[in-house]
Each structure stands twice: as C-alpha cells, then as structure tokens.
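J.: Here is my input, please return the structure:
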Amino acid sequence: MSESPLRLPPKPKPSPWAVGLSIGMVVFTVVCARTVGFSFSGLIEDFGRNNPVAKGLLEISWGEMFSERSRKAFLETLQMAVLGTTAGAIVSLPIALWSTEVGNPYLIPRVLLRSFNNVVRAIPDLLWAGLFVLGVGIGALPGLLALFFFSMAVIVKLTADTLDGIDMGPIEAAKASGASHTQMLRTAVVPQILPAYSSYVLYDFELNLRASAVLGLVGAGGIGQRLDFFRNRGDWGKLWGLVLMFFLVVVVVEWLSVRIRRRLV
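T.: Coordinates of the predicted model:
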C-alpha cells in the first residue's frame, strides 16, 4: 500500500488589519514625498547637470587625505570618540544599576534617574554640541562633552534593559548566603551583564566615531570642522577626499568592533 504524499498546511491569509496598515503606510509615504517636493526624476536631473558637488567625485584630492592638517583632524576626531565613550561608559554602569530594581530598591530615585536619562537621550548629540559651543567656545571640548552625554544616555538605556532581564537565581543565592547589597551586585549582577555591557560600549564607540564628524559642522572640532571648511570654500575635491578616508576608517573600526563583540556576547 503506497503512502499518501504529505500535504503542506494551507498558507494563512494575510490579516485585513495588516493589509490595511501596509496600504496606509504606502499612501502616507507618497503623500509625505509630494509634500516635501521629493521626486526621483528631479534628483537624477540635479545630478545630471553641471553639479559641483557631484563633479568633485571625479576630482578627488588624494593628497589632502594624507596632509598634516587632515591627519591632525582625524586624530582629534579619534580622541574625541575614545574619551567621550570612555567617560560615558564609566558613569553609565552605576547609573544603570541605580535606575533598576535589581540595583536600587527605592522607587523614587529609580524614576528620577530614568527620567533624567530619557531627557538626555531625547536631545540629539548635534544639539548638545551646539549648546556646548555656545558655552565653552569652538574646539574639541564641546564635541567631547556632547559625545559624553550621548554615550551615557545610550549605554545606560541598553544596560538598564539588560538588567531588567537577568537571571534572578544567582541574586537569590547571594542574598541567602548573607551577602550585602554591594557584594550581591559585585558577585551576582555585574558578572551577568559584563559581556553585554562591553558590547554596548564598543557599539557606542562606533556611533561616536561617526557622530564626531558631524559635530565638527557646528564648530565642535575634529574632521567635521575640516569638512565644513572645504564646504564653505566649495572645494569639493578635497572634501570628497576626506569623506573617502573617513569612510575607510569607519569601515575598519566597525569590522574590528563586530569581531570583538561576537567574542564577548
């Protein structure tokens, strides 16, 4: 007796809500594009004309990529990213611990810390940089301060979310053995989140490295200030040379960061 072939279950029909939501999103996207005056044909026409920005791609200044001023600007950008990430990471771990029930049993301080971090995270790093430029002047310091606040907000958010989902078994065992609150955090909580926390710090460094280039456009130091200088002069060949070099640096850093994070988590 031959066996009957296996029949696959019928493919479920899409939900009417899902179909309606998809259509609504498409319509909303088209309306938004028409409202802001976006069109693919206009974009292609603009690049097809004698556009100096696009023309600069064919006239890249390779010498500017390795000039002394550009090297100093890249070094300043890297220093801003490293220092901003390091300072933010140092203060983020205790703040994340104090803003969760695992590390802080008191409700009001937890709510205040979470609210403070939400406010800091809601302000874009570019706005932070602009405010600090007004406060301390043009240079690397306002960029460093902006990256510090940005790093703190991002790492605290990610670490606090990780703390909310950790295994409570080691914590209960530490309490049962008579460990103090500090000892419990050191032996049962921090070891659980340390790999994820380290991964968040590396990820934040990638973000800071890219953001530091943009912060220079408001006078916050680094390679962004050099890019803004060439943009104001209309020297698009040198500008694209710096963009290409910065792109290569970011790709290498991101590749190394991904490999390290895979080993940590």
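J.: so is residue 167 in a helix, a strand, or just coil?
T.: Following DSSP: H, G, I helix; E, B strand; the rest coil, the label given to residue 167 is coil.
J.: residues contacting it?
T.: residue 192 (C-beta atoms under 8 Å, 6 or more residues apart in numbering). Yep, even glycine has a C-beta here, placed from its N, CA and C like the rest.
J.: Would you mind measuring from it to residue 188?
T.: 9 Å (C-beta to C-beta, to the nearest Å).
J.: just the helices in this structure please.
T.: Secondary structure of the chain (DSSP state H): helices at 16-35, 40-48, 52-56, 62-65, 68-98, 107-122, 125-136, 140-163, 169-176, 181-184, 190-215, 223-233, 236-264.
J.: remind me which residues of the stretch 151-265 of the chain are low pLDDT?
T.: Residues of the stretch 151-265 of the chain that meet the criterion pLDDT under 70 lie in 265.
J.: ok, now how distant is the nearest residue to residue 195 once chain neighbours are set aside from residue 75?
T.: With sequence-adjacent residues excluded and distances taken as C-beta to C-beta, 6 or more residues apart in numbering, residue 195 is closest to residue 264, at 4.7 Å. Taking C-beta to C-beta as the measure, residue 264 falls 27 Å from residue 75.
J.: and if you look at residue 172?
T.: In terms of C-beta to C-beta, residue 172 sits 49 Å off from residue 75.
J.: now residue 130
T.: With distances taken as C-beta to C-beta, residue 130 is found 23 Å from residue 75.
J.: burial measure for residue 160, as a count.
T.: Per other C-beta atoms under 10 Å, the neighbour tally for residue 160 reads 23.
J.: before we move on, what about residue 9?
T.: Residue 9: 5 neighbours (other C-beta under 10 Å).
J.: what's the first-to-last distance across stretch 209-222?
T.: 10 Å (C-alpha to C-alpha, to the nearest Å).
J.: What residues sit buried inside that stretch?
T.: With burial defined by 16 or more other C-beta atoms under 10 Å, the residues of stretch 209-222 counted as buried are 209, 211-222.
J.: And the residue nearest to residue 249 when sequence neighbours are not counted, how far from residue 213?
T.: In space, and not counting its chain neighbours, residue 249 is closest to residue 74: 7.0 Å by C-beta to C-beta, 6+ apart. Distance, residue 74 to residue 213, by C-beta to C-beta: 10 Å.
J.: Need the overlap of contacts for these two.
T.: Common neighbours of residue 74 and residue 213 (C-beta under 8 Å, 6+ apart) are 223, 246.
J.: Now render the helices of the chain as a markdown table, adding distance to residue 7.
T.: Output for the helices of the chain, formatted as a markdown table (distance: least, C-beta to C-beta, whole Å):
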| stretch | distance to residue 7 |
| --- | --- |
| helix 16-35 | 26 |
| helix 40-48 | 45 |
| helix 52-56 | 57 |
| helix 62-65 | 63 |
| helix 68-98 | 52 |
| helix 107-122 | 52 |
| helix 125-136 | 56 |
| helix 140-163 | 43 |
| helix 169-176 | 45 |
| helix 181-184 | 56 |
| helix 190-215 | 44 |
| helix 223-233 | 61 |
| helix 236-264 | 41 |
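J.: So for residue 9, which of those sits nearest?
T.: helix 16-35 (19.1 Å; C-beta to C-beta).
J.: Now do that closest one: which elements does it pack against?
T.: Judged by 3 or more C-beta pairs under 8 Å, 6 or more residues apart in numbering; DSSP states H and E, helix 16-35 has no packing partners among the helices and strands.
J.: which residues touch it?
T.: residue 39.
J.: Which of the helices of the chain has the highest mean neighbour count?
T.: helix 140-163 (a mean of 23; mean count of other C-beta atoms under 10 Å).
J.: and that helix, how far out from the chain's middle?
T.: 9 Å (C-alpha atoms, centre = their mean, to the nearest Å).
J.: What is that helix packed up against?
T.: helix 68-98, helix 107-122, helix 125-136, helix 190-215.
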